[in-house]
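Participant: return atomic coordinates for the entry below.
(4 chains)
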4 protein chains.
Amino acid sequence: MSSSYGENIRLSIFGQSHSPAIGMTLEGIPAGEHIDFDQLQRFMERRAPGRKAYSTARKEADRPEFLSGVRDEYTCGAPLSAIIRNGDTRSKDYAAFSALPRPGHADYTADVKYFGYQDYAGGGHFSGRLTAPLCIAGGICLQILKRQGIEVISRIKSIGPVADESPLLFSTAGKDFPTVDEAAGEAMQAAIEEARMQGDSLGGVIECAVLGLPAGLGDPMFGGMENRIAAIVFGIPAVKGIEFGAGFQSAWLRGSENNDSFIIENGQIKTRSNNCGGILGGITDGMPLVFRAAIKPTPSIAREQDSVDMRELKEAKLSVGGRHDPCIVPRAVPCMEAAAAIAVYDALLGRRKELR
Amino acid sequence: MSSSYGENIRLSIFGQSHSPAIGMTLEGIPAGEHIDFDQLQRFMERRAPGRKAYSTARKEADRPEFLSGVRDEYTCGAPLSAIIRNGDTRSKDYAAFSALPRPGHADYTADVKYFGYQDYAGGGHFSGRLTAPLCIAGGICLQILKRQGIEVISRIKSIGPVADESPLLFSTAGKDFPTVDEAAGEAMQAAIEEARMQGDSLGGVIECAVLGLPAGLGDPMFGGMENRIAAIVFGIPAVKGIEFGAGFQSAWLRGSENNDSFIIENGQIKTRSNNCGGILGGITDGMPLVFRAAIKPTPSIAREQDSVDMRELKEAKLSVGGRHDPCIVPRAVPCMEAAAAIAVYDALLGRRKELR
Amino acid sequence: MSSSYGENIRLSIFGQSHSPAIGMTLEGIPAGEHIDFDQLQRFMERRAPGRKAYSTARKEADRPEFLSGVRDEYTCGAPLSAIIRNGDTRSKDYAAFSALPRPGHADYTADVKYFGYQDYAGGGHFSGRLTAPLCIAGGICLQILKRQGIEVISRIKSIGPVADESPLLFSTAGKDFPTVDEAAGEAMQAAIEEARMQGDSLGGVIECAVLGLPAGLGDPMFGGMENRIAAIVFGIPAVKGIEFGAGFQSAWLRGSENNDSFIIENGQIKTRSNNCGGILGGITDGMPLVFRAAIKPTPSIAREQDSVDMRELKEAKLSVGGRHDPCIVPRAVPCMEAAAAIAVYDALLGRRKELR
Amino acid sequence: MSSSYGENIRLSIFGQSHSPAIGMTLEGIPAGEHIDFDQLQRFMERRAPGRKAYSTARKEADRPEFLSGVRDEYTCGAPLSAIIRNGDTRSKDYAAFSALPRPGHADYTADVKYFGYQDYAGGGHFSGRLTAPLCIAGGICLQILKRQGIEVISRIKSIGPVADESPLLFSTAGKDFPTVDEAAGEAMQAAIEEARMQGDSLGGVIECAVLGLPAGLGDPMFGGMENRIAAIVFGIPAVKGIEFGAGFQSAWLRGSENNDSFIIENGQIKTRSNNCGGILGGITDGMPLVFRAAIKPTPSIAREQDSVDMRELKEAKLSVGGRHDPCIVPRAVPCMEAAAAIAVYDALLGRRKELR
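Facilitator: Down below sits the predicted model:
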């Protein structure tokens, strides 16, 4: 099913950008897990719009209301469900797109797939807003993982041509702009502002690492950690590529360069390098699980673009109004952590089945 | 489950490199589909080893025996199953790896995951040999798709630093070395031979395109074509990255450059460029679906490497014997087509549910 | 996953009896299906409590609020979600059961499964109230099926020892008490009232038939219509048995009696009898699909019962307060129709994949 | 998917009665589980035909060949696969049924579903022979469960009108005819012989109990033990009904009679009676899990029957040749144990995810 993910837990996301609410259900979280709602709210706010120059002016509290699954701040075993009301909507901004699809958006493909019945307002179910429920689920998984010594960290690796070359070793969650190298972060922000001034937009790359993972998570073939993570990360709108460890770079290396030698460190088996991104044969090897995702530039730009009138089958000019981020990458950073946490926690529960 | 894939059809792959047989079951293929077994065999042979200088000397007919699901060359509605006997095995070549994991292989992670009970001979269930059953299933899907006007083509985009810069417009299946630019192909083969002479190996990038797809396949969020294809492609051993359309390149572009303008061509809606790789919002837009996968260099190299003795927890030197491809990329090309065909056909059947 | 159902559509039910809300998500309904919300509400009311002498005095509007998936009364392709607020709750009625499990209820098993973290108020996620979201989903499926000429009808076959022996040929939905034979219905109501006066309760059998089904729905083995229907019907609390066609009776018959002869009727293949309940080899044969489900007597009775104190591990007496139906069977009738409709519609969509 | 079962393990069954082989794959069995192949073979033989007066004269060794998933008699973590070659086939016996469907069989529904492409020989994928792979998987699960103190026992409860009224307290596996009361067993065999002499057949009821189960297995709603067991048991051909505990009988009882009082026994919480069949709210309560399944009489009978010619759409007489069991119930007993074991083991693995 399109809007569900998971084998041992099951996340189901619902809602459209301008429907009464968006939300999620999350089945399979064992009973007795504590949820710190304040911490969850702070996590949600890393994704929420309206706080920065580079993000849309649409203001949303993104405060989830839990409808089920918790009792006194602990999971009670029943499916978790939570919703966020859609308050500040301006559906009329989007009325035009019912006939004129925005380049780079799902307007056209949704029209074909849903025979014209789609909810086109605000991108409907394709809206980036649907990453808010992803962050509810992911924020909960992050808390559970943390208690087991597993941490998910991430940063912006690049925005357009500006890269952060420092190694990712610690969380950037507390930063206003999540890079390791602050100078790079400032250059990225300048690049975003420049694009915005020109009515244009930028994409970038996000790097994510999962620390503290035990070896042995994941499965061979289609159940590999790469498969599992890719299967959820591509659910974040605008992601067009993913790589693990050295990734595409490893296609340039020789085997003798790319292979990660095994060593003994403090009595434990480790690898000297981590070109495999902590995954061998789909299964975690105990080193940090590292991946990077490519985010395309926000398709909604102020400039006039070439489109077509889908009803009359003729070419037409399109100017996208509404409020849009000139660069979605910073707000996508917590989404990436959420996605990684969900995939990892799902695999962790799967691993329990094998242990006696 | 680890070794299964699919929502509307279900592929299940079994076997180890040196078990009595490897095979697959494939459920959900509608009754009445013709299977051309000669054509399937020719497809299998594109993957089979022992035919080229750059591939392992192990000779396997890779001739599937169908056990069920067909009657008189037509699918009969019951699950398809087919096996390939493992004949030419030399398990003793691998006995050493029960304690000394090969860098870049799943030996170590399998040992952790399976508590020492894994079948280590030849990489067990992690062996590249398991792509043979993938090709059985994929070869069948390719035939069915072809009858519906859908074709999957692919080529080697690069081997190590050598790239094929010509556009991929037609199938390279008939070629000895599957590149578009033959000079680039020769340079790649030279690079592979050089690596082989040095006891080393090379990786590369494979590009794949699906032509003739209708718009409207795939689903939003976790059911997007990117998610579906990534979820199967990472099941091919050694894949460490995947990108769609402009992919990682799109993270360098501006929105105005990356957006694919809509145009009318012969009365149909098309896009002027195809940076989105034929996928918008997870759903096909009718343009070629294009993706590239990064393959790491073969981890089994002749050179001595650093490993550890997992039983005694001490460092040790390892020299990998056996027969190995200095570059697995050429043989992975049909596997990529197989994976793409399975994912696309699965989505195509899913689409039928929506049509009335 | 425990609270999800379906292969081609996916229903996910959430909520506890006394959580802020209960609800459902329903993925996979094709875009463009009309929902008549008034008709849905009338269907919901057949299940709603507080309307009859035999049902609990707890009053709930059971008026679903749709949060997503619809635009202008048509499905828009995105997941449907709807909730019902839990207004009239009296959690304190149930505080006692946190230690003293009610016989016949899930209090004890929930305590074991959820380590004491369960939401015990009102039966939590095990409450019969969770059939309301089932009826939302089922009510929608019923409307879609109806437009395709498929109708689900049902009736009370027996309450305790009182049986309705008339054949089920038409819907009893419009009746106050859903039996075919009205005299039997009156006798059943009298039996319920008698049990209620004695602080006791009654169970019964519901019979359900799906009319207008095409032949060819369902799959062999675990995908049979029996498997699919049983897998959802046992999700209705208190169901302890299910049988198809002659069911348990067929175990008493000889093959020559039980076999349904094929005949030609109006140029179509039919069977003379319908002992197989419209299902052969798991697949519909075009005759009415008939099943019966056994509902145990409501476990909450006014009489004092033997229980145990789970914390102190000693035996204890229990008197259940609160408001309870002396017989849940009448309210379970629409739930059975809902369950059947969901299973049948799921199979119908699956069938579309096979048709060309 | 039609021929797959399981959430935490996944069983996939393939083959037709007269295809080259039948078989199964079983994913998700943790590594390191011992398989006693002799014991498995003895279990297989309880189902195998040709050994008794009441069973078909077709002789099949039913000796599975394992193709993968084991190393030195221990599971190695990779998917288990095993096949049984179909040797003694007489396809021509069935040629007639390609046009004349046998009453009570899937011939007609298969013809509709598969557009005439079905493998009609011997019932194809619908054949009772497909319970052999079920028994391979079930036999393995039974061995694993046994090591955890869980035992599955069963017996014939009735054949036609002859019932075994003794309580089921121990295994009948060692008996020639699996009843508790041997006199009842002899009467049943006489009834079968009588039916056979008359060219007729008989059905019956099988009772199954799972002993030694911990409380807490299964899930609420659609993941209940009833749902899980029904979803696999209806995969055994000829099953037309299932009930748990008092089952249909409970619909005749009052709540005060049907409720199982809680008691303390040897410091543990038990119930005085077991009308709920060891399942409350879908979850095991630690008492024996008890269910009964109704098996219809073998549809293949020697007597002439009314059928139709599907190609010419006219009525026709049919005499079924071939070799058939006058009563399939005795051979279905181990199948029932197999099905129960698979469902229970699947739930047991699921329970591990919740435990910390």
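
Participant: would you pull up the residue in the stretch 251-356 of chain A closest to chain B?
Facilitator: residue A:281 (2.4 Å; CB to the nearest CB). C-betas here are computed from N, CA, C, even on glycine.

Participant: burial check on that residue, number of neighbours?
Facilitator: Around residue A:281 there are 27 other residues, counting by other CB atoms under 10 Å in any protein chain shown.

Participant: next up, the contacts around it.
Facilitator: A:220, A:224, B:105-106, B:109-110, B:126, B:237 (CB atoms under 8 Å, 6 or more residues apart in numbering or on different chains).

Participant: and with 10 Å instead?
Facilitator: For residue A:281, the contact set (CB atoms under 10 Å, 6 or more residues apart in numbering or on different chains) comprises A:218-221, A:224-225, B:104-110, B:113, B:123-127, B:237-238.

Participant: same question for residue A:6.
Facilitator: A:12, A:26-28, A:137, A:228, A:231-232, A:342-343, A:345-347, A:349-350, B:222, C:1.

Participant: near chain D too, which of those residues?
Facilitator: A:27-28, A:346, A:349-350, C:1 (CB under 10 Å from any CB of the partner chain).

Participant: turn the residues you listed into JSON lines, including pLDDT.
Facilitator: Formatted as JSON lines, these follow (pLDDT from 0 to 100):
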{"residue": "A:27", "pLDDT": "96"}
{"residue": "A:28", "pLDDT": "96"}
{"residue": "A:346", "pLDDT": "98"}
{"residue": "A:349", "pLDDT": "97"}
{"residue": "A:350", "pLDDT": "97"}
{"residue": "C:1", "pLDDT": "56"}
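
Participant: now residue A:228, what's its secondary structure?
Facilitator: Classification of residue A:228 by DSSP: H, G, I helix; E, B strand; the rest coil places it in helix.

Participant: does it really touch residue A:291, like I thought?
Facilitator: No: taking contacts as CB atoms under 10 Å, residue A:228 lies outside contact range of residue A:291: 11.1 Å.

Participant: name the residues contacting each of these two.
Facilitator: With CB under 10 Å, 6+ apart, residue A:228 and residue A:291 have common neighbours residue A:340.

Participant: re earlier: separation between the residue nearest to the residue of the stretch 251-356 of chain A closest to chain B when sequence neighbours are not counted and residue B:112?
Facilitator: Once flanking residues are discounted, residue A:281 sits nearest to residue B:106: 2.4 Å by CB to CB, 6 or more residues apart in numbering or on different chains. According to CB to CB, to the nearest Å, residue B:106 and residue B:112 sit 10 Å apart.

Participant: low pLDDT regions in the stretch 51-200 of chain A?
Facilitator: Scanning the stretch 51-200 of chain A with the threshold set as pLDDT under 70 gives A:51-60, A:88-97.

Participant: looking at it, what residue ends up closest to chain D?
Facilitator: As assessed by CB to the nearest CB, chain D sits closest to residue A:78 within the stretch 51-200 of chain A, at 7.3 Å.

Participant: give me the phi and psi for that residue.
Facilitator: As for residue A:78, its main-chain torsions (degrees, to the nearest 10) stand at phi -80, psi 160.

Participant: on that earlier part again, which ones among the contacts of residue A:6 map onto strands?
Facilitator: Applying DSSP state E to the contacts of residue A:6, the entries found in strands are A:12, A:26-27.

Participant: which of the residues you listed come close to chain B?
Facilitator: Among the ones in strands among the contacts of residue A:6, the residues lying close to chain B (CB under 10 Å from any CB) are residue A:12.

Participant: residue A:183: which of the ones in strands among the contacts of residue A:6 is nearest?
Facilitator: Here the nearest of the ones in strands among the contacts of residue A:6 to residue A:183, counting by CB to CB, is residue A:26; it sits at 39.5 Å.

Participant: I'd assumed residue A:64 was in contact with that closest one.
Facilitator: No: taking contacts as CB under 10 Å, residue A:26 lies outside contact range of residue A:64: 11.3 Å.

Participant: need the overlap of contacts for these two.
Facilitator: A:81-82, A:133, A:136-137, A:140.

Participant: so which residues on the stretch 151-300 of chain A come close to chain D?
Facilitator: Contact residues, the stretch 151-300 of chain A versus chain D (CB under 10 Å from any CB): A:219-221, A:223.

Participant: make a markdown table out of those residues and add neighbour count.
Facilitator: What follows is those, written out as a markdown table (neighbours: other CB atoms under 10 Å in any protein chain shown):
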| residue | neighbour count |
| --- | --- |
| A:219 | 27 |
| A:220 | 28 |
| A:221 | 29 |
| A:223 | 24 |
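
Participant: any residue of the top helix by length along chain A touching chain B?
Facilitator: When chain A is parsed with DSSP state H, its longest helix is helix A:329-352. Yes: against chain B, helix A:329-352 shows contacts by CB under 10 Å from any CB at A:329, A:339, A:350-351.

Participant: residue contacts, the nearest residue to residue A:255 once chain neighbours are set aside?
Facilitator: If the residues on either side of it in the chain are set aside, residue A:255 comes closest to residue B:201, at 3.5 Å by CB to CB, 6+ apart. Listed by CB under 10 Å, 6+ apart, the contact set of residue B:201 reads A:253-259, B:54, B:104, B:160, B:192, B:195, B:296-303, B:324-328.

Participant: can you classify the spatially most distant residue from the centre of chain A by secondary structure?
Facilitator: When distances to the mean C-alpha position of chain A are computed (CA atoms, centre = their mean), the maximum falls on residue A:312, with 36.6 Å. Applying three-state DSSP to residue A:312 yields a three-state assignment of coil.

Participant: next up, the contacts around it.
Facilitator: With contact set as CB under 10 Å, 6+ apart, residue A:312 has these partners: A:99, B:264.

Participant: any chance you could map the helices in the stretch 251-356 of chain A?
Facilitator: Under the criterion DSSP state H, counting those that start in this stretch, the stretch 251-356 of chain A contains helices at A:255-258, A:329-352.

Participant: then the first one to PDB, C-alphas only?
Facilitator: Written as PDB, here are the backbone C-alpha positions of helix A:255-258 (Å, rounded to 0.1, in the frame of the first residue of the first chain):
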ATOM      1  CA  GLY A 255      38.400  -3.400  -4.400                       C
ATOM      2  CA  SER A 256      41.600  -2.900  -2.500                       C
ATOM      3  CA  GLU A 257      40.600   0.600  -1.800                       C
ATOM      4  CA  ASN A 258      36.900   0.100  -1.100                       C
END
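
Participant: mean confidence for that helix?
Facilitator: Averaging pLDDT along helix A:255-258 gives 97.
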